[in-house]
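Q: Quick one, structure for this:
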Amino acid sequence: DTFAVATLAPLSVQAYCPNRAKKRQSDRLQAKVVKVYPYAKAAGDIMRECEVMCMNTKNPKDQKRLLDEAEEKLKAQFEKDLRAMTISEGVLFIKLIDRETGNSSYALVKELKGKMSAFMWQGVARVFGHNLKDEYDPQGEDAEVENIVLQIEDGSIPYTPRQAVHLASN
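A: Residues are numbered from 1 along each chain as shown. Now for the predicted structure:
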């Protein structure tokens, strides 16, 4: 006997949307994730670079100076894009930062800028009905977002990566 062997291209399976409204909602979420994910990915890379810089510098004043310089560079590069985000994209950005860094946005602000700054920004977020302490839940309410991110990471959904300037360079 002879057996035929064939290699098929990978197949992407997506959930079936029973009606147009759900499909439109799903498409909007995907568009938002594709827009916001590159910034969250860059934020994760930047946080890892900041951690390395701070570990290599033992003097707290030098660490603060390095973080302030990094903040200024990042503001110059990303502030315009981040300010142009909608509120729902901002909420998604907060969740994806938690996914990329393992810390909530509140914890990151508290660690990098201090308790008072974290308290102030949490207050601003609460005024608009959001919470910087929200955590990313890939098995729960953020499962659909996680599915989209996994498709982006495996190349099924194209996106444009954002490269941040290297913080160590002057």
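
Q: drop to CA atoms for contacts and neighbour counts, all remaining ones
A: OK.

Q: roughly how far apart are the residue nearest the centre of the chain and Leu82?
A: Among the residues of the chain, Ala40 comes closest to the average C-alpha position under CA atoms, centre = their mean, at 2.3 Å. To Leu82, Ala40 is 11 Å away according to CA to CA, to the nearest Å.

Q: Do a quick rundown of the helices in the chain.
A: If you assign secondary structure with DSSP state H, the helices in the chain sit at 20-56, 60-83, 87-101, 105-113, 115-127, 143-153.

Q: Columns distance to Pro10 and mean pLDDT on top of those helices, output as TSV?
A: Rendered in TSV, the data for these read as follows (distance: least, CA to CA, whole Å; pLDDT from 0 to 100):
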stretch	distance to Pro10	mean pLDDT
helix 20-56	21	86
helix 60-83	34	82
helix 87-101	26	89
helix 105-113	36	86
helix 115-127	42	91
helix 143-153	12	90
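
Q: measure stretch 120-139 end to end?
A: By CA to CA, the extent of stretch 120-139 from end to end equals 31 Å.

Q: Residues in contact with it: which ones?
A: Stretch 120-139 is contacted by residues 91, 94-96, 98-99, 103-107, 142-143, 145-146 when judged by CA atoms under 8 Å, 6 or more residues apart in numbering.

Q: Compare these and tell me which is most surrounded.
A: Greatest neighbour count in the contacts of stretch 120-139, by other CA atoms under 10 Å, goes to Leu96: 29 neighbours.

Q: and that one, what does it touch?
A: Taking CA under 8 Å, 6+ apart, we find Leu96 in contact with 37, 40, 136.

Q: Distance to Asp27 added to those residues, as a markdown table?
A: Output for the contacts of Leu96, formatted as a markdown table (distance: CA to CA, whole Å):
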| residue | distance to Asp27 |
| --- | --- |
| Tyr37 | 15 |
| Ala40 | 20 |
| Tyr136 | 20 |
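
Q: for those residues, which one is nearest Lys23?
A: When the contacts of Leu96 are ranked by distance to Lys23 (CA to CA), Tyr37 comes first, at 20.6 Å.
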